[in-house]
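Chemist: coordinates only, sequence not included:
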């Protein structure tokens, strides 16, 4: 990729990683001190319980939170080789719908997967992160199947959340037709594959390395 200077480089390291690393170190130290105190008889069991159970549990909880936050990142999705062609197709430039959104800045490239596959509200975001973790588990165990598919049909309301009030969308005569609006709101009709191209190229979903 062409080097365009420091302004175009990724700058900040996610804060949650630093916090998770710090707590992991503190938990390891607490565990070591507690075990040493128990063996030498210099530490009461009540105090040792804090170092053996509470501190590691806190570190695990923050580590899990850090993993879920990392699951929002596009490059996190691209670390699994089966997903790499899809991520390549999103950022490399093509006629697919996801790429168009990234190209015009409608969704941030750093969280492109999460922004489209994460529903609105806290449960939508949590569901997207959990689905990402399941994909990661399937990739590690070699149980991922091709072509890649969404867990359920893509909710057209995710598209309408942004587009329904947009001037350009409302100006299209087809969108103004009551039968079309009813079909979109009911989920009977989707945006992709009907009037607009598919979100991702078919070859990318089959795991074929993407070439723009």
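Modeler: Received, thanks. For clarity, every value in this text was computed on a predicted model and none was experimentally measured.
Chemist: helix or strand: which one has residue 165?
Modeler: Using DSSP states H and E, residue 165 sits within no helix or strand.
Chemist: make that residue 34, sorry
Modeler: Going by DSSP H and E, residue 34 is in helix 15-40.
Chemist: contacts only, for the residue nearest the centre of the chain.
Modeler: Closest to where the C-alpha atoms of the chain average out (C-alpha atoms, centre = their mean) is residue 72, at 3.1 Å. Contact partners of residue 72, counting by C-beta atoms under 8 Å, 6 or more residues apart in numbering, are 111, 114, 118, 128, 129. Placement of C-beta: from N, CA and C, glycine included.
Chemist: residue 63 and residue 24 touch, don't they?
Modeler: Yes - taking contacts as C-beta atoms under 8 Å, residue 63 lies within contact range of residue 24: 6.6 Å.
Chemist: got any ranges where the protein has weak pLDDT?
Modeler: 1-21, 38, 41-51, 121-122, 212 (pLDDT under 70).
Chemist: domains of it?
Modeler: 14-70, 74-151+199-212, 155-191 (automatic domain parsing).
Chemist: export these to TSV and tack on mean neighbour count?
Modeler: What follows is the domains of the chain, written out as TSV (neighbours: other C-beta atoms under 10 Å):
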stretch	mean neighbour count
domain 14-70	15
domain 74-151+199-212	16
domain 155-191	13
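Chemist: quick one: name whatever helix or strand follows the helix or strand harbouring residue 129.
Modeler: When elements are assigned from DSSP H and E, residue 129 belongs to helix 122-141. As assigned by DSSP H and E, the chain's next helix or strand after helix 122-141 is helix 156-163.
Chemist: other residues contacting that following helix?
Modeler: Counting by C-beta under 8 Å, 6+ apart, 106, 116, 119, 120, 169, 184, 185, 187, 189, 190, 191 sit against helix 156-163.
Chemist: quick one: which of these sit in helices?
Modeler: For the contacts of helix 156-163, the ones inside helices are 116, 169, 184, 185, with DSSP state H as the criterion.
Chemist: got those residues as a markdown table, with distance to residue 155 columns?
Modeler: Shown next, in a markdown table, are the ones in helices among the contacts of helix 156-163 (distance: C-beta to C-beta, whole Å):
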| residue | distance to residue 155 |
| --- | --- |
| 116 | 10 |
| 169 | 17 |
| 184 | 11 |
| 185 | 11 |
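Chemist: and those residues, which is closest to residue 206?
Modeler: residue 116 (19.6 Å; C-beta to C-beta).
Chemist: test my guess that the closest one contacts residue 107.
Modeler: Yes - counting by C-beta under 8 Å, residue 116 touches residue 107, with 6.6 Å between them.
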